[in-house]
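Engineer: Task: produce atomic coordinates for the following.
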Amino acid sequence: MTRDIGTFGLYTFDFEHQPASLIRDEVQELDELGWRGLWFPEVGGREAFSLAGLLLAASERMHVVNGIATVTAREAWAAHGGAALLADAHPDRHLLGLGVSAGRPGTTPLTLMNTYLDELDAFDPPVPRVLAAYGPRMLAIARDRAIGAHTYHVNVAHTAQAREILGPDRFLAVEHAVLFETDPARARAVAREHLHPYLTTPFNVAKFRRLGYTEDEIAGGGNDRIVDDLVFWGEPDSIADRLRGHLDAGADHVAVQVIGVEKGRSAMPFWRLLGDVVRPPRAVV
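Structural biologist: A predicted model of the protein is given here:
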């Protein structure tokens, strides 16, 4: 199995709440602009597989990736059925991303994921999958039981660590946030607003500590070092150069999340601008 999803793709929360007509228009334009990878999460606004179907139906060439479909949202048989139907309807254009966004009492995320994968593996045909992974043990599961891993809100140093764990042959996709703003004070204010939910929850704080940031760097909205590492801001060419740091560290694909878009406005002008500085070359998964 090979599929060309692009070295750079887009990651967006926008389609969680936009009307279907606007989603279709935007996806059609992204497809025509040459974007080949489109990632979206599942956070309560839209169901993962029905939204993936809408995005695939609105495009002709673009690959749509769940980033992620949560394993606690549906039984394994339902996930397999949804992914298998999308694979049949849109051959080689849907990639199933799975992750544990909320645990279950009495089990660990690692046990929950392994059990879910055991259940998925009971069904035919097999559906290619990537796993949301950060720590070494979940990355090892992604290496051994999936085609690779998808990371979220990490620095370039983590990408190098993830590649070492995954080995040379597994797919590694890295999400990274960007902001087209050149004024340092304004850029960091917007970045801190975006990062606030992540810098104030115990799981994410523990993650950032393992990335090498101190409690003082994380507290109070994050100091400049962590903010600048997690949100690349500035001129388009400068942002593109920093994004390529993930490729140099071992990523196959960077899913770029544009932040700082006013509520109710479309990110399309920024996606056009981003496309001018980061597309192609291509990545094959």
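Engineer: Where does pLDDT dip in the protein?
Structural biologist: 1-2, 102-103, 279-285 (pLDDT under 70).
Engineer: which residues in it form strands?
Structural biologist: Listed in chain order, the strands of the chain (DSSP state E) span 8-11, 37-40, 63-66, 69-70, 94-99, 129-132, 148-151, 171-179, 231-233, 253-258.
Engineer: Around the nearest residue to Glu235 once chain neighbours are set aside, count how many other residues there are.
Structural biologist: Take Glu235 and drop its neighbours on the chain: the residue closest to it by C-beta to C-beta, 6 or more residues apart in numbering is Thr182, 6.1 Å away. For the C-beta atoms, the positions are set from N, CA and C on the backbone; glycine is no exception. Neighbour count for Thr182, taken as other C-beta atoms under 10 Å: 11.
Engineer: list the contacts for Thr182?
Structural biologist: Contacts were defined as C-beta atoms under 8 Å, 6 or more residues apart in numbering; by that measure Thr182 touches 233-235.
Engineer: For ChimeraX, what selects the buried ones among these?
Structural biologist: Selection command for ChimeraX covering only the buried members of the contacts of Thr182, criterion 16 or more other C-beta atoms under 10 Å:
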select :233,234
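Engineer: Which of the contacts of Thr182 sits closest to Thr111?
Structural biologist: For the contacts of Thr182, the minimum distance to Thr111 (C-beta to C-beta) is 38.9 Å, reached by Trp233.
Engineer: Roughly how far does that closest one sit from His153?
Structural biologist: Shown here: Trp233 relative to His153, a distance of 15 Å by C-beta to C-beta, to the nearest Å.
Engineer: With Val127 instead?
Structural biologist: Distance from Val127 to His153, counting by C-beta to C-beta: 26 Å.
Engineer: Residues in contact with the lengthiest helix in the chain: which ones?
Structural biologist: When every helix of the chain is counted residue by residue (DSSP state H), the longest turns out to be helix 184-199. Contacts to helix 184-199, defined as C-beta under 8 Å, 6+ apart, come from residues 153, 177, 179, 181, 204-205, 208, 218, 221-222, 224, 226-228, 230-231, 233-234, 259-260.
Engineer: now it against strand 171-179, angle please.
Structural biologist: 130 degrees (axes from the mean of the first three to the mean of the last three C-alpha atoms, to 10 degrees).
Engineer: buried stuff in helix 184-199?
Structural biologist: Judged by neighbour count (16+ other C-beta under 10 Å), helix 184-199 contains these buried residues: 187-188, 190-192, 194-195, 198-199.
Engineer: and the angle for that helix with strand 253-258?
Structural biologist: When the same axes, to 10 degrees is applied, the directions of helix 184-199 and strand 253-258 differ by 110 degrees.
Engineer: Helix 184-199: how far from the chain's middle?
Structural biologist: Helix 184-199 sits 19 Å away from the centroid of its parent chain (C-alpha atoms, centre = their mean, to the nearest Å).
Engineer: Repeat that for stretch 36-44.
Structural biologist: 7 Å.
Engineer: Quick check: end-to-end length of it?
Structural biologist: Distances were taken as C-alpha to C-alpha, to the nearest Å; on that basis the terminal residues of stretch 36-44 are 25 Å apart.
Engineer: Nice, that's everything, thank you.
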